[in-house]
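**Student:** below: sequence and its predicted model.
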Amino acid sequence: MSETVNNDHPRRLVVAIDGPSGSGKSSTSRGVARRLGLAYLDTGAMYRAATWLVLETGVDAADQRAVAELIRTAVFTISQDPTGPTIAINGTDVTQAIREPRVSAAVSAVATNLEVRADLIARQRSLIADASAGIVAEGRDITTVVAPEADVRVLLVADPAARVARRHAELGGVVDNEAVTDQVIRRDRDDATVSQFEAAAPGVSVVDSTHLTLEQVINVICALVDDVVPRAIAGNRGP
Ligand SMILES: Nc1ncnc2c1ncn2[C@@H]1O[C@H](COP(=O)(O)OP(=O)(O)OP(=O)(O)O)[C@@H](O)[C@H]1O
Ligand SMILES: Nc1ccn([C@H]2C[C@H](O)[C@@H](COP(=O)(O)O)O2)c(=O)n1
């Protein structure tokens, strides 16, 4: 399907999207960024890359100071192209490796390390500030902590059953339900101890994707952008 891209923005547009696991943040954010000609930042990928490094180096994930020190000195290299985002840490491309179940199982331990959070939040703010053509950034605390001043702030939600089913399908239906439920529901419970993504903060629009196709969700968010920054996408909607 061809898509019309508009990058003739009247000003630098920042779109912030938060939500629980499997709500569709990554797919939706990439679609919105593609349609509006914006960069794309997957902040979850940064926590995953940090976790990959912890596992790779054998640092004890429970040793919060050691983990924080390891990440503080790490170099992240991130491509913000929504058609093919990549991430490397200390020179190793981990774009695929960070999706492995061992990383998904361990990531909350790193993402709930408050020193690591402070470090990655600072890096994310700077990446957003440097995105000269504007950006769609997604995660758990973008609307509330990383970029509360974003032009458009969205909390993307979906019923837990839909989120587990989506993740199950994404993993080819071969991973047992208990493991998938752990990846989605248990991880949300742990992550929610440090970020507020279960209820919308004031000024944040809730979009429920349970009964919407991906295309419909992208349309809803582009319409929210249109409301806030009319010239950003006027006349440039994709099919
Ligand atoms: N509106 C939708 N309808 C049906 N399936 C969807 C929809 N949005 C996304 N999906 C599918 O659901 C799965 C999870 O989507 P995605 O990875 O974008 O979610 P996420 O919120 O970024 O998850 P996580 O936070 O765990 O990375 C993917 O397979 C994606 O194709
Ligand atoms: N801004 C963010 C982004 C992500 N996390 C945590 C939550 C997840 O456990 C992990 C990986 O995210 P995902 O790729 O599943 O979206 O990182 C966070 O705490 N804050």
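**Tutor:** That came through fine. Ligands and ions are numbered 1, 2, ... in the order given.

**Student:** pLDDT at whatever residue of the chain ends up closest to ligand 1, what is it?
**Tutor:** Scanning the chain for the residue nearest ligand 1 gives residue 24, at 2.8 Å (criterion: C-beta to the nearest ligand atom). C-beta: built from backbone N, CA, C; applies to glycine. For residue 24, the model assigns a pLDDT of 97.

**Student:** phi, psi for residue 150 please.
**Tutor:** Main-chain torsions, residue 150, degrees, to the nearest 10: phi -60, psi 150.

**Student:** what is the nearest residue to it once chain neighbours are set aside paired to in the beta sheet?
**Tutor:** Nearest residue to residue 150, sequence neighbours excluded (C-beta to C-beta, 6 or more residues apart in numbering): residue 16, at 3.8 Å. Residue 16 has these beta-bridge partners by DSSP bridges: residue 137, residue 153.

**Student:** residue 16 contacts residue 149, correct?
**Tutor:** No: using C-beta atoms under 8 Å, residue 16 makes no contact with residue 149, being 9.1 Å away.

**Student:** the two: who's more crowded?
**Tutor:** Comparing residue 16 with residue 149 by other C-beta atoms under 10 Å, the one with more neighbours is residue 16, at 27 against 8.

**Student:** using CSV, list the CA coordinates for the lengthiest helix in the chain.
**Tutor:** Longest helix in the chain, counting residues (DSSP state H): helix 114-130. Below are the C-alpha coordinates for helix 114-130, written out as CSV (Å, rounded to 0.1, in the frame of the first residue of the first chain):
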residue,chain,number,x,y,z
LEU,A,114,15.9,4.1,39.3
GLU,A,115,19.4,5.1,38.5
VAL,A,116,19.2,3.5,35.1
ARG,A,117,15.8,5.2,34.5
ALA,A,118,17.3,8.6,35.3
ASP,A,119,20.2,8.0,32.9
LEU,A,120,17.9,6.7,30.0
ILE,A,121,15.3,9.4,30.6
ALA,A,122,18.1,12.1,30.1
ARG,A,123,19.3,10.4,27.0
GLN,A,124,15.7,10.2,25.6
ARG,A,125,15.0,13.8,26.3
SER,A,126,18.2,14.7,24.4
LEU,A,127,17.3,12.5,21.4
ILE,A,128,13.8,14.1,21.3
ALA,A,129,15.3,17.6,21.5
ASP,A,130,17.7,16.8,18.6
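
**Student:** mind listing the helices for the chain?
**Tutor:** Counting by DSSP H, the helices of the chain are 25-36, 43-57, 64-72, 101-111, 114-130, 160-170, 177-181, 187-191, 214-228, 230-233.
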